[in-house]
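Engineer: Sequence plus predicted model, see below.
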There are 2 protein chains.
Amino acid sequence: MKLTALYKRPQDMEAFEKAYFNMHLPLISKVPGLERTVITRFNRTIMGEGFYMMAEMYFSDADSLKAGMKSPEMAAAGENLNSFAEGLVTLMFGEEES
Amino acid sequence: MKLTALYKRPQDMEAFEKAYFNMHLPLISKVPGLERTVITRFNRTIMGEGFYMMAEMYFSDADSLKAGMKSPEMAAAGENLNSFAEGLVTLMFGEEES
């Protein structure tokens, strides 16, 4: 089970990058149950309204994702997110198939 | 390097699923250079305007992705896609970081 965050292109990319990688990701990494995070940078949009970046945050199962979402660590990460990425984020629960 | 397709929720989910998994994915699997495809089903949106599904199609590098995009097999898959998913698709090139 994973938590997927899609980010629209920020107006100030340098400020966003700094806030995301220096502040937000370290906070996210403290969330209990999080096993790994994969960042994707989108460098070209072929069709539709594209995104700037994606973070896929993997948890072992639905219960650990739910517990992680309710943790004080996630609350802190969410509060931090709102300080630099308001209106840019799409956040979804997802399940991978092969 | 990967090609990422995001799909908005279709009006007729059953027809979409049938067209996607029985017709489109087999066509995509023929694209030269494609190493693997990971499907994600999004089952809950927490923030923003969510998506229904995502396909991540992995190629070894930028050149093989570009060659795959120009192949007749991709042209056939793209034509097929337009027949059932027009207006639902966001398509982007992306690069993963760990």
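Structural biologist: Yes, it's here. Numbering: from 1, shown residues only, chains lettered A, B, ... in the order given.
Engineer: going forward, measure contacts and count neighbours with C-alpha atoms only.
Structural biologist: OK.
Engineer: residues contacting the closest residue to A:Phe51 other than its chain neighbours?
Structural biologist: Nearest non-adjacent residue to A:Phe51, counting by CA to CA, 6 or more residues apart in numbering or on different chains: A:Lys8, 4.6 Å away. Residues near A:Lys8 by CA atoms under 8 Å, 6 or more residues apart in numbering or on different chains: A:50-53, A:88-89.
Engineer: same deal with A:Ala19?
Structural biologist: A:Ala19 neighbours (CA under 8 Å, 6+ apart): A:Phe84.
Engineer: how does it look with 10 Å?
Structural biologist: Residues near A:Ala19 by CA atoms under 10 Å, 6 or more residues apart in numbering or on different chains: A:13, A:25, A:80-81, A:83-85.
Engineer: got it, and A:Val89?
Structural biologist: Applying CA under 10 Å, 6+ apart to A:Val89 gives the contacts A:4-9, A:51, A:53-54, A:81-82, B:46-50.
Engineer: ChimeraX command to pick out the buried ones of those residues?
Structural biologist: Burial among those is assessed by 16 or more other CA atoms under 10 Å in any protein chain shown; the matching ChimeraX selection reads:
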select /A:4,5,6,7,8,9,51,53,54,81 /B:50
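Engineer: Just the ones of the contacts of A:Val89 in strands?
Structural biologist: Taking DSSP state E as the definition of strands, the contacts of A:Val89 contribute A:4-7, A:53-54, B:46-47.
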